[in-house]
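> here is a sequence with its predicted model. Questions after.
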Amino acid sequence: MAWFRRQTAPLAPRSAESRVPEGVWVKCGSCKEILYRKDVLKNLSVCPKCAFHFRIGARERLDMLFDGSWEEFDHGLVSSDPLGFEDARPYADRLRAGKAKTNSFDALVSAVGEMGGRRAIVGAMEYAFIGGSMGVVVGEKVTRCIERALAERLPLIVVSCSGGARMMEGTLSLMQMAKISAALARLHEARLPFVSILTDPTTGGVTASYAMLGDLNVAEPGALIGFAGPRVIEQTIRQKLPAGFQRSEFLLEHGMLDMVTDRRELKETLVRCLPFFMD
């Protein structure tokens, strides 16, 4: 029975002072290097070792793109839970949790400000809010961004980071694809530019609608971009997909994108491109 008894005193717990504070270090998703978080943030959330692009929040994205302060609009739009949807937990609870986590009522933050001294409208998707999924509110906010760009004759930039349409709103979420595409057609007729920035991941109904309708489609390096996931496609066609399939570099090579740009050069690239469309 001695086999099952502890023969030595247990190890003393470490003092609180000796622990590394939470969030000081971060592990790179590509090279697996352990990085000092402040160095990563200073590098616009790009790994200084291998240039892996970490996901960033919508407000962090807007701070990065605009010259200084920016003004958010349509902040208070919130889903009415039209289906009274409930799976593992009620949809209303998911909305409240998303709001607490991101300080946004839904998965898109729309803002106006100056970029390179030129006023522009930017809509940035928030992946931390139910996977950046597109429901009625996201569709309405993107459409309002387009309508404001039309009214004020401003360029429009939308940063996509999404798992696709939001299943909790059923067909109503799928209708947003047509709604936004129709609004973009009016923007095109008015000869105002729409720049689509695709980040990791951009999938499902977002890819199948406005994310690929830009006058300029720009992606970050290594971003997963597609409609269905690679595993689903492999199971459907019963073939092995090529290496790097659905990554931004693969899509650029096959004509689906106009350019792949490092996040640290993205603002400079946009500032250089917008006058070509506007002037």
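Done, it's in.

> SS state for residue 127?
coil (DSSP: H, G, I helix; E, B strand; the rest coil).

> mind checking how far it is from residue 57?
Here the criterion is Cβ to Cβ, to the nearest Å. By it, residue 127 lies 8 Å from residue 57. Where C-beta positions appear, they are placed from N, C-alpha and C, glycine not excepted.

> residue 203 too?
Distance from residue 203 to residue 57, by Cβ to Cβ: 19 Å.

> same check, this time on residue 132
Residue 132 is 11 Å from residue 57, by Cβ to Cβ.

> check residue 167 too.
Per Cβ to Cβ, residue 167 is found 23 Å from residue 57.

> just residue 130 next, same as before
14 Å.

> give me the more crowded residue out of these two.
residue 130 (25 against 21; other Cβ atoms under 10 Å).

> give me phi/psi at that one?
Torsion angles at residue 130 (phi, psi; degrees, to the nearest 10) stand at phi 50, psi 50.

> with adjacent residues omitted, what lies nearest to it?
Computed as Cβ to Cβ, 6 or more residues apart in numbering, the closest residue to residue 130 that is not its neighbour in sequence is residue 98, at 5.4 Å.

> in the chain, which spans are strands?
Per DSSP state E, the chain carries strands over the ranges 25-27, 34-36, 70-73, 108-115, 118-125, 156-162, 194-202, 216-219, 259-260.

> next one: the residue minimising distance to the centre of the chain, what pLDDT does it get?
With distances taken as Cα atoms, centre = their mean, residue 161 lies nearest the centre of the chain, 2.2 Å away. Here the pLDDT value assigned to residue 161 is 97.

> roughly how far does it sit from residue 61?
Taken as Cβ to Cβ, the span from residue 161 to residue 61 is 8 Å.
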